[in-house]
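S.K.: what shape does this take:
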Amino acid sequence: MATAPSAAAKANLLTIDTVSQRTPGLQVKVTYSCDVGMDHELVANATTLNHSPHDQSIAAGTVKKDKLVCDYNDHVALVTLRPAAGSHFDKGDKVKVTVFYFDNDGFRYGDADTVAVL
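M.R.: Residues are numbered from 1 along each chain as shown. Next up is the predicted model:
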């Protein structure tokens, strides 16, 4: 009796390992895995939680698809987030960070988030 081959593909997983201040913005260390042939970018967004809505700071960063290694194994990426105009991050700020994959068709998937204090 023949056995069906096991699929090598695995879920496109993301895990946020650390969030740290990196002037002028932030740096997020992400462990990721993706299937061979995936055509996407890894995106990170951050928002302060301990400021009023009028003084809330945001930042974003991207790892382009040509910088990702997609071979079913786990890899680490450092995502540098740049603050939006007028935004700033200080020691002691509480920030929510979300990472996700974004593909050429505009789909977002694999979301992971965490809250960290800088």
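S.K.: mind listing what's buried along stretch 84-95?
M.R.: For stretch 84-95, burial by neighbour count (16 or more other CB atoms under 10 Å) applies to 87, 89, 93, 95. All C-beta atoms are positioned from the backbone trio N, CA, C, and that covers glycine.
S.K.: if you could redo that for stretch 60-78, that was the one I meant.
M.R.: 60-63, 65, 68, 70, 77.
S.K.: what strand or helix carries the residue most central in space within the chain?
M.R.: Residue closest to the mean C-alpha point of the chain, counted by CA atoms, centre = their mean, is Val99 at 2.8 Å. Element membership of Val99 [criterion: DSSP states H and E] is strand 94-103.
S.K.: any idea of the mean pLDDT for the helix or strand following that strand?
M.R.: Sequence order places strand 108-117 as the next helix or strand after strand 94-103, per DSSP H and E. Summarised as a single mean, pLDDT over strand 108-117 is 94.
S.K.: picking that back up, packing partners of the strand holding Val99?
M.R.: Contacts defined by 3 or more CB pairs under 8 Å, 6 or more residues apart in numbering; DSSP states H and E place strand 94-103 against strand 14-22, strand 25-32, strand 40-48, strand 108-117.
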